[in-house]
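Engineer: coords please:
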Amino acid sequence: MHVQEQYRKVSDYIAGRHCCVKADLEDHSNELKMAEDNAKKAMADAAKLAEELRHEQEHSSSIEKMRRTLESQVKELQVSQSTVYALYLLQVALLRRRLINLRYYSLTFVGRGIIK
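Structural biologist: Down below sits the predicted model:
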């Protein structure tokens, strides 16, 4: 009986350990599935973020291109403004000269009674 009793104890111990190992295996299996799900979600998030980054980079690039275009237009407008202002000053000078000539004409000819 002694051998049978030892056999039963060993058998019970092995059965108990088997249950524990089986439970541990199930726990680890569930943890692995959760880790795989988290990894899939992380990869999907990373892909989404990469797409958003690409989109933002394209947007930033187009904004930069528009900025350079606007800067160029501002420079062209400044040149145009300078040209228009120079022409304005020339016209003012010409008009002043004409006014002076007309005053001289008026004083010379009208003032002397040559032209009425």
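
Engineer: pLDDT at the residue most central in space within the chain, what is it?
Structural biologist: With distances taken as Cα atoms, centre = their mean, the residue of the chain nearest its centroid is Ser60 (3.9 Å). pLDDT recorded at Ser60 is 97.

Engineer: repeat that for Val3.
Structural biologist: Val3 is given a pLDDT of 79.

Engineer: please renumber the chain so that the first residue is 37 from this point on.
Structural biologist: Fine by me, first position is 37 from now on; the one you just mentioned is Val39.

Engineer: centre of the chain to the helix or strand harbouring it, how far?
Structural biologist: Secondary structure from DSSP states H and E places Val39 in helix 38-141. Helix 38-141 sits 7 Å away from the centroid of its parent chain (Cα atoms, centre = their mean, to the nearest Å).

Engineer: how close does the residue nearest to the centre of the chain sit to Gln114?
Structural biologist: Plainly put, Ser96 is 27 Å away from Gln114 if you go by Cβ to Cβ, to the nearest Å. Every residue, glycine included, has its C-beta placed from N, CA and C.

Engineer: kindly report the same for Tyr121.
Structural biologist: 10 Å.

Engineer: just Arg134 next, same as before
Structural biologist: 30 Å.

Engineer: now do Asp81
Structural biologist: 48 Å.

Engineer: please apply the same query to Leu126.
Structural biologist: 19 Å.

Engineer: with Ser47 instead?
Structural biologist: 98 Å.
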